[in-house]
Structures are given as C-alpha cells and as structure tokens.
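**Q** Sequence first, then the predicted structure, then my questions.
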Amino acid sequence: TADTTPPAAPTGLTATAGSGSVSLSWNANTEIDLAGYNIYRSTTSGGPYTKVNTSLVTGTSYNDTGLTNGTTYYYTITAIDTGSNESTKSSEVSVTPISATRYEETNSAISWTGTWKNYSSSLYSGGTTKYTNGTGATATFTFTGTGVTLISAKCDNRGKAKIYIDGIYETEIDLYASPN
C-alpha cells in the first residue's frame, strides 16, 4: 500500500539575521523515510508563504540570500518523506536582515578620554589604531542598533577592556596573549 502518512512538523526553527541574508536552523526529524525539508518565506505573519528552495534541503540549516535589509521576513518549514508526503508547517519565526557598518577609531561616533596614542600599520583596519598605557582612559562608542562587535588584536602587551552597554557593565575582554 502507498505511504500516505506525512512526517511530523519540524521543531526548533531559529533564524539569525545577516546583511541581506537570513540563516535558518532547526532540529532534525527522526522519521526513517525522511527525504528533506522545504523552506517557506513571507513578508506577512501567517503567510501567504512562498517556497524558497528549488530542491529539497537535506540538512538542518539553510541560508536565504538576496533579501532586503530592514524588511521583516517570516519563515516556516515542512518535512517531506520519500513518499512525497509533506508535514504541516513548523512554528513561524520572524527576522529582519540588517546591514553591518564598520567604524574606524577616527569616526566621530567614538569619543576618547584620557591619554591615547596613535599607531600606524598596514595590519590594522583603516591603517591605524589607538592605544593607551594610562589607567582610566576610555573610548565611548555611541550608536543605535541591536548589536555590536569589538574587533581587536591580542598580544603580550595588551590589557583588558571593560564593556558597558547603556551605562551598565556587561563584561571584561582580556586582550592579552602569551608571546609563545
């Protein structure tokens, strides 16, 4: 007899925004006759959805590219078995791709207090960096957004950076690395 039983709806769908892209991941279905997954996207919560993959996705992740930054997208996925039975849709997730902006230390969004020195090298982004040997020197980065990344080299003449967000201490980053 023909298989008419669809797989269970996938679970654990998560979405991570990138610049013009979204990375999706989910838990693997356990059906022995699982063939893969379909990915559905909409710009309206609840659909209607459009299938975005051209062939079945056989893993548990998918990267959707060519998206518009600032637009919210809604995703759901289904599981397909070898009999072409399709599950019901997973829970919906929403995500808004964002554009990333790099700020060099010369940008006016960064204010410096205390004694800082400039050092030039082609190894640094933008060709320069700032450093301090003094205590109490601060760098304040003012921005509007939902995330920030600090990029710094680590070496044997570095100290620690304390990170505050909205005036609240969050963490301390150790920039020291042994010369070995």
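**A** Yep, that arrived.

**Q** Tell me how far G70 lies from T50.
**A** For G70, the distance to T50 (Cβ to Cβ, to the nearest Å) stands at 19 Å. C-beta coordinates here come from the backbone N, C-alpha and C atoms, glycine included.

**Q** likewise E86?
**A** 15 Å.

**Q** which SS class is G126?
**A** Following DSSP: H, G, I helix; E, B strand; the rest coil, G126 is assigned to helix.

**Q** Could you list the low-confidence segments of this protein?
**A** Within the chain, no stretch has pLDDT under 70.

**Q** Repeat the analysis, applying 80 as the threshold.
**A** 1, 99-101, 134, 144-149, 151-153, 179-180 (pLDDT under 80).

**Q** For stretch 159-178, report the contacting residues that lie outside it.
**A** Defining contact as Cβ atoms under 8 Å, 6 or more residues apart in numbering, one finds that stretch 159-178 is touched by V148, L150, S152, A153, K154, C155, D156, R158.

**Q** typed the wrong thing, it's stretch 13-24
**A** Applying Cβ under 8 Å, 6+ apart, the set of residues contacting stretch 13-24 is 25-26, 39, 61-69, 73, 75-77, 90-91, 93-100.

**Q** Quick one, which of these are buried?
**A** Buried members of these, counted by 16 or more other Cβ atoms under 10 Å: 26, 39, 62, 64, 67, 73, 75-77, 90, 93, 95, 97.
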